[in-house]
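Peer 1: With the input below, show me the fold.
(2 chains)
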Amino acid sequence: MRMSQLMLPTERDAPADAQALSHVLGVRAGLVRQLGAGLWTWLPAGWRAHQRVTVIIREEMDAIGAQELLMPVLQPRDLWAKTGRDTIEEVFRLSDRRDSELVLAMTHEEPVTFHVSQVVRSYRDLPLILYQLQTKARDEPRPRAGVLRTREFVMKDSYSFDRDEAGLEESYEKHIGAYDRIYDRCGLEWYRVDSGVGMMGGSGAHEYMAPCPAGEDEIALAPGYAANVEVATAQAAPATPGAPLDAPAEVETPGATDIETVAGVLSVSPDALLKAFPVVTDAGEFVVAIVRGDHRVNEGKLEIALGERCRPATEEEIASQLGPPGYVGPVGTGARVLLDEAVAVQGGGGWICGANREGFHLQGVEPGRDFDFEAVDIRRVEAGDRVAGGEIRLEPAIEVGNIFKLGTRYSEALGATFLDEEGVERPIVMGSYGIGPARIVAAAIEQNADENGIAWPKAIAPWEVELVGLGKPGSDEQAAAERLYAELQAAGVSVLYDDRDAGPGEKFTDAELLGCPLRLTVGRKSLESGQAEAQGRRGLVALEGPDLAGGTAAAVAALLDGLP
RNA sequence: CGGGGCGUGGCGCAGCCUGGUAGCGCACCUGCUUUGGGAGCAGGGGGUCGCCGGUUCAAAUCCGGCCGCCCCGACCA
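Peer 2: Numbers count the residues shown, from 1 in each chain, chains lettered A, B, ... in the order given. Modelled structure (predicted):
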């Protein structure tokens, strides 16, 4: 590709509203442009990178026997009503000129299951893995960070159909193999982490997470352990409660309504306190969740422990059920208490909690003796917790894919059944699996950029080589660059040729911004030496320049082999 | 949905408080010079100042309403 003919609108300045690095560099390097909130156009160079990702995805999906198809984005709402998903807030709903109700698909479980329900009759038709690369539309509450969270995006979504749980397990394992290879080949740093199955039910799920500063999620990592903090579990460092007492004793703590202040007034560390987190469940039950003072409640884990959704209690509810907000505790209330395992496991007396009386706390509290409780894991893990002997660290990360054992939720709702060997009708056991190529591109930028711009992994760079010609029009230098460009093209090298009539500074700066792995320069110096200059983008390292006299393309290919 | 901020040429911004010819840098066009890290000189083109209404002799500027966009939080099968 000749840069003089390429639509590559590079910018010296970042857009004023850009925060995330992939957003800033994506726009500055001319990869993407915004059309509206969460609506992005892929410009030619950016789309090349996106395409390279989808090529890798197709190769690996095909390799596990998955079959590609394409389903509409626009779908009848009726279909979605059958699974109850038509009322999800994120689903765009619209109607046509005849007032027929339609939705824009956020994923494609409904249509794919519909088709399979019509086609699959017998156990002999299974297993089946179907996939597509298709646009998804989601009415996101808050699009953000450029291409990281958008309202419309391309997704690779695949769906597995099996006779039973064992078959699903096999399909799931196949996807794990394919996904591991895809992210490796794309040059990402990634983790496969346990994730919650959420409100959709199902029997297991993992997320593929790429660590990067702009990530919206947090993952907990330890040697041999990786989980989304939403579901992570670990052992807490022991707390240091005070001396046990024969019975809880009131102590004056005027004005001390938060953990820090109480700990300060009583000269103890926050981990000696019990933090009460009163909630009201969907069913209307008032429950007091309790974690250590230095811990935080993980509301998702709390809901799993409760078995239903809940919300924080209002101040009025707290006042009427327990006592003055800021001074509440579990002792003498009769309320149902869920006590976090970090406290329950350590046990003992000497804990401090609110006395349910304005200006007072209780010392020497002992769970079990002074209040009844159910021991559950409801806290958010903290950096420094331990799991399997290793220490947890937390990292921000972006979700670049997920795999999910759906079970029979969709097949039952849509009547996707088959006859087994005994002639018994059974629901098909399903899995669903997603990958966001745009997020792979964004994560690759985030993970591989420096102050000069992007430093693409070779496998997904828009071009592998950028050839910078420095000669002015009609010069010997320009003629040499033209010859080299023609030779590289003929040899099938992926090359972008900067043939613009521009100064060297501008060309070098743009080359570093766009970030192709190998930069070749042909100018006065290279004519004198008989070699093109070569520089690797990662670290801007000088490489042995390929000879211009002959065999240059082979030498360039060898150089590329040595680059990441 | 709650909080905060911003809409002036392709990009980045000033002007608004205190109403009176719409400006600056970059980019762009023409000519000449220049060519190894974002060149110089000269000339030139491009903006209903987000939209609607109000006040006024006069509105980018003041007032009201609406729309759009960004950030933080909530949310995120």
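Peer 1: In three-state terms, how would the residue of chain A found nearest RNA strand B be classified?
Peer 2: At 2.1 Å from RNA strand B, residue A:505 is the closest residue in chain A, using CB to the nearest atom of the strand. Where you see a C-beta, it was placed from the backbone N, CA and C, and this is true even at glycine. Secondary structure for residue A:505, judged by DSSP: H, G, I helix; E, B strand; the rest coil, is helix.
Peer 1: Find me the pLDDT at it, would you?
Peer 2: Here the pLDDT value assigned to residue A:505 is 88.
Peer 1: And for residue A:199?
Peer 2: With respect to pLDDT, residue A:199 scores 50.
Peer 1: could you pull out the strands for the stretch 101-250 of chain A?
Peer 2: Ranges of strands within the stretch 101-250 of chain A are A:101-104, A:128-137, A:152-162, A:191-194, A:204-211, A:217-222, A:225-228, A:249-252, based on DSSP state E, counting those that start in this stretch.
Peer 1: tell me how far the very next helix or strand once past the last one is from the chain's mean position?
Peer 2: Read it as strand A:249-252. Later in the chain than strand A:249-252, the nearest helix or strand by DSSP states H and E is helix A:259-266. Mean-position distance between helix A:259-266 and its chain equals 38 Å (CA atoms, centre = their mean, to the nearest Å).
Peer 1: and helix A:259-266, which residues are buried?
Peer 2: By neighbour count on 16 or more other CB atoms under 10 Å, the buried set for helix A:259-266 is A:259, A:262, A:263, A:266.
Peer 1: Mind telling me what element the spatially most central residue of chain A is part of?
Peer 2: Compute the mean C-alpha point of chain A, and by CA atoms, centre = their mean the closest residue is residue A:399, 1.0 Å away. Assigned by DSSP H and E, residue A:399 belongs to strand A:393-407.
Peer 1: partners of that strand in the sheet?
Peer 2: Strand A:393-407 has its sheet partners listed here by DSSP bridges as strand A:204-211 (antiparallel), strand A:217-222 (antiparallel), strand A:429-435 (antiparallel).
Peer 1: In terms of residue numbering, what are the domains of chain A?
Peer 2: A:3-232+A:395-445, A:249-376, A:463-561 (automatic domain parsing).
Peer 1: Which parts of the stretch 401-550 of chain A are helices?
Peer 2: Applying DSSP state H, counting those that start in this stretch to the stretch 401-550 of chain A gives helices spanning A:409-413, A:437-447, A:476-490, A:504-514, A:524-529.
Peer 1: What lies in contact with the longest one?
Peer 2: Going back to what we said before, that points to helix A:476-490. A:2, A:465, A:467-472, A:495, A:497, A:499, A:520, A:522-524, A:526-527, A:532, A:548, A:552-553, A:556 (CB atoms under 8 Å, 6 or more residues apart in numbering).
Peer 1: Show me the subset of these that also lies near RNA strand B.
Peer 2: The overlap between those and the neighbours of RNA strand B (CB under 7 Å from any atom of the strand) comes to A:470, A:471, A:472, A:522, A:523, A:524, A:526.
Peer 1: Return the residues of the stretch 51-200 of chain A in contact with RNA strand B.
Peer 2: A:88-90, A:106-107, A:140-145, A:149, A:157, A:198-200.
Peer 1: among those residues, which ones are buried?
Peer 2: By 16+ other CB under 10 Å, these give A:106, A:107, A:140, A:143, A:145, A:149, A:157 as buried.
Peer 1: can you list those in TSV and add pLDDT?
Peer 2: Formatted as TSV, those follow (pLDDT from 0 to 100):
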residue	pLDDT
A:106	93
A:107	93
A:140	88
A:143	87
A:145	84
A:149	91
A:157	96
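Peer 1: ok, now which ones touch the residue nearest to the centre of chain A?
Peer 2: By CB under 8 Å, 6+ apart, residue A:399 lies in contact with A:207, A:208, A:209, A:216, A:217, A:436, A:439.
Peer 1: Rebuild these as TSV, extending it with distance to residue A:22 and neighbour count.
Peer 2: TSV is the format used below for those (distance: CB to CB, whole Å; neighbours: other CB atoms under 10 Å):
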residue	distance to residue A:22	neighbour count
A:207	19	25
A:208	17	27
A:209	15	31
A:216	12	12
A:217	15	17
A:436	13	26
A:439	9	27
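Peer 1: one step back: can you list which of the buried ones among the residues of the stretch 51-200 of chain A next to RNA strand B are found in helices?
Peer 2: Among those, none falls in helices (DSSP state H).
Peer 1: Would you mind listing what in the stretch 201-350 of chain A touches RNA strand B?
Peer 2: Within reach of RNA strand B by CB under 7 Å from any atom of the strand, the stretch 201-350 of chain A has these residues: A:205, A:216, A:217, A:299.
Peer 1: ok, now how distant is the second one from residue A:545?
Peer 2: The reference is to residue A:216. 43 Å (CB to CB, to the nearest Å).
Peer 1: Same check on the last one?
Peer 2: For residue A:299, the distance to residue A:545 (CB to CB) stands at 59 Å.
Peer 1: Please say which of those two ends up with more neighbours.
Peer 2: Taking neighbours as other CB atoms under 10 Å, residue A:299 and residue A:545 compare with residue A:545 leading, 22 against 18.
Peer 1: The more buried one reaches residue A:528, doesn't it?
Peer 2: No: if you go by CB atoms under 8 Å, residue A:545 and residue A:528 don't touch, sitting 11.8 Å apart.
Peer 1: which residue ranges form the strands in the stretch 451-564 of chain A?
Peer 2: With DSSP E, counting those that start in this stretch as the criterion, the stretch 451-564 of chain A has strands spanning A:453-454, A:465-469, A:495-498, A:518-522, A:533-536, A:541-543.
Peer 1: For the first one, enumerate the helices and strands it packs against.
Peer 2: Yep, that's strand A:453-454 we're talking about. Strand A:453-454 sits against helix A:21-28, helix A:504-514, with contacts defined as 3 or more CB pairs under 8 Å, 6 or more residues apart in numbering; DSSP states H and E.
Peer 1: re earlier: can you redo the residues of the stretch 201-350 of chain A next to RNA strand B as a markdown table with pLDDT?
Peer 2: Formatted as a markdown table, those follow (pLDDT from 0 to 100):
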| residue | pLDDT |
| --- | --- |
| A:205 | 88 |
| A:216 | 85 |
| A:217 | 87 |
| A:299 | 80 |
